[in-house]
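K.L.:
here's a sequence, model it:
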Amino acid sequence: MEYTAERGELSSFDELFKVNLVPSEIFLKFRKEIQGLRLGVNLELYNPPPVNDYHAKLVLKPLAHQQKWKFIYEPLCQEVQLVSKKISVTRFFHFQHCVCCNLQVGVSHSFYYHETGWNWKVMSSLGSDKTKVQTKTSLGLCRGVDFRFGWRADYRFPEFNGGLGSDEPVFNMKSGRLELALDRVEGIFTHADQQTTTFS
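P.N.:
Purely as a prediction, here's the structure:
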């Protein structure tokens, strides 16, 4: 709803600000670090309406920074994937320093469907219309126990305009919007080999 000096109307607080703290994705990740490798078991629960979905994954990847791959096996759907880690390609685009852009590519094979394919994805912290922020925040409770929160913010700044001697009112304001949503919660439990040096 728009506010004008003539009508004196203003959108309600509930219309301007919306907050959703119920995540649609819940992940539990159990990791074992040994001899420069990380072996993980991921239990993933998806709860987007109207159906629920569940995935279990075995993940193997090196800990060193120069290694840019990880191996994923999904026993429920009998599929294996070799996926690159997220590679920063920000320098190839004319983005501001606060914007991060990553590229990820992968090859997969399904034993159930006997099919092999590949895919790629470019991810950014901003939406295409630059009114959406999507990022992750990590919280370490203690050694080996971490939580990661994936959240997004959709916003629109207020707009002001007016006029004299025209059809426009003297003062007009289009109310801004702000929607915050907690999309994902991850619980990460890591057991590291005492002789293993981790890179995070």
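
K.L.:
and Val80, what does it touch?
P.N.:
71-74, 108-109, 111 (Cβ atoms under 8 Å, 6 or more residues apart in numbering). Heads up, the C-betas are built off the backbone N, CA and C, glycines and all.

K.L.:
now the buried members of those residues.
P.N.:
72, 74, 108 (16 or more other Cβ atoms under 10 Å).

K.L.:
quick one: strands adjacent to the helix or strand harbouring the first one?
P.N.:
Assignment of secondary structure by DSSP states H and E places Ile72 within strand 69-74. With DSSP bridges as the test, strand 69-74 is paired with strand 53-62 (antiparallel), strand 79-84 (antiparallel).

K.L.:
which one of these lies nearest to Phe30?
P.N.:
strand 53-62 (10.1 Å; Cβ to Cβ).

K.L.:
list the buried residues of the closest one.
P.N.:
Applying 16+ other Cβ under 10 Å to strand 53-62 flags 57, 59, 61-62 as buried.

K.L.:
where do the helices of the chain begin and end?
P.N.:
Applying DSSP state H to the chain gives helices spanning 13-16.

K.L.:
point to the helix or strand of it where mean pLDDT is at its lowest.
P.N.:
Taking mean pLDDT, DSSP states H and E as the measure, the chain has strand 2-4 as its least confident helix or strand, at a mean of 44.

K.L.:
that older thread, could the strands paired with strand 69-74 go into a markdown table alongside distance to Ala181 and mean pLDDT?
P.N.:
As requested, the strands paired with strand 69-74 are arranged in a markdown table below (distance: least, Cβ to Cβ, whole Å; pLDDT from 0 to 100):
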| stretch | distance to Ala181 | mean pLDDT |
| --- | --- | --- |
| strand 53-62 | 19 | 92 |
| strand 79-84 | 26 | 92 |
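
K.L.:
do you know which of those lies nearest Val133?
P.N.:
strand 79-84 (24.6 Å).

K.L.:
tell me which of the strands paired with strand 69-74 lies nearest to Glu179.
P.N.:
strand 53-62 (24.0 Å).

K.L.:
give the contact list for Tyr112.
P.N.:
Counted by Cβ under 8 Å, 6+ apart, Tyr112 has contacts 77-79.

K.L.:
among those residues, which ones are buried?
P.N.:
Neighbour counting by 16+ other Cβ under 10 Å classes Glu79 among the contacts of Tyr112 as buried.

K.L.:
ok, now how distant is Pro48 from Val22?
P.N.:
11 Å (Cβ to Cβ, to the nearest Å).

K.L.:
I meant to write Glu74 there.
P.N.:
26 Å.

K.L.:
what's the closest of the buried ones among the contacts of Val80 to Thr135?
P.N.:
For the buried ones among the contacts of Val80, the nearest to Thr135 is Ile72 (22.9 Å; Cβ to Cβ).

K.L.:
neighbours of the residue nearest to that closest one when sequence neighbours are not counted, how many?
P.N.:
Using Cβ to Cβ, 6 or more residues apart in numbering and skipping residues adjacent in sequence, the residue nearest Ile72 is Gln81, 4.3 Å away. For Gln81, the count of nearby residues is 19 (other Cβ atoms under 10 Å).
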